[in-house]
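Chemist: here is a sequence together with a model predicted from it:
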Amino acid sequence: EQLLGNLLANAVRYARPAGEVIVRLSELDAGWVEIRVMDDGEGIPQEALPFVFERFYRADRSRARAEGGTGLGLAIARNLVELHGGQIEAGNRPQGGAELRVRLPRAASATAR
């Protein structure tokens, strides 16, 4: 819940006014699922991509903290994903906007426990 909340909050914050946020869930082979959260904003500056999951990092330093968040959301998201044995990546969509991809191992079914 917190992972999706953080990813969606970022996407909504950076989407264009009256823009679009897309969430896709896919089942991958070998027991993995992928969540993709995409927006139609300006995207993430190329030089910022290696740092977006670092604590307190904000790509747009000109934004006031009240407007731009604390820089903890994606760091928390990364920790949550890694605690569940997954991976998270950030990138930009060819048509514009950011894309965050989360890959998580598929949970065992309730009957398998």
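Modeler: Perfect, thanks for sending it.

Chemist: buried residues in the longest helix that the chain contains, which are they?
Modeler: Ranked by residue count and defined by DSSP state H, the top helix of the chain is helix 2-14. Neighbour counts over helix 2-14 (16 or more other Cβ atoms under 10 Å) mark 3, 6, 7, 10, 11, 14 as buried. Every C-beta, even on glycine, is put in place using the N, C-alpha and C of the backbone.

Chemist: report all helices and strands that that helix contacts.
Modeler: When contacts are defined as 3 or more Cβ pairs under 8 Å, 6 or more residues apart in numbering; DSSP states H and E, helix 2-14 packs onto strand 21-28, strand 32-39, helix 73-83, strand 98-105.

Chemist: then it to PDB, C-alphas only?
Modeler: Below are the C-alpha coordinates for helix 2-14, written out as PDB (Å, rounded to 0.1, in the frame of the first residue of the first chain):
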ATOM      1  CA  GLN A   2       2.800   2.400   0.900                       C
ATOM      2  CA  LEU A   3       4.800   1.500  -2.200                       C
ATOM      3  CA  LEU A   4       1.900   2.200  -4.500                       C
ATOM      4  CA  GLY A   5       0.900   5.300  -2.600                       C
ATOM      5  CA  ASN A   6       4.500   6.800  -3.000                       C
ATOM      6  CA  LEU A   7       4.700   5.900  -6.700                       C
ATOM      7  CA  LEU A   8       1.200   7.300  -7.500                       C
ATOM      8  CA  ALA A   9       1.800  10.500  -5.400                       C
ATOM      9  CA  ASN A  10       5.000  11.200  -7.400                       C
ATOM     10  CA  ALA A  11       3.300  10.500 -10.700                       C
ATOM     11  CA  VAL A  12       0.300  12.800  -9.900                       C
ATOM     12  CA  ARG A  13       2.700  15.500  -8.700                       C
ATOM     13  CA  TYR A  14       4.700  15.500 -11.900                       C
END
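
Chemist: what mean pLDDT does it have?
Modeler: For helix 2-14, the mean per-residue pLDDT is 94.

Chemist: what inclination does that helix have with respect to helix 73-83?
Modeler: Here the directions of helix 2-14 and helix 73-83 differ by 150 degrees (axes from the mean of the first three to the mean of the last three Cα atoms, to 10 degrees).
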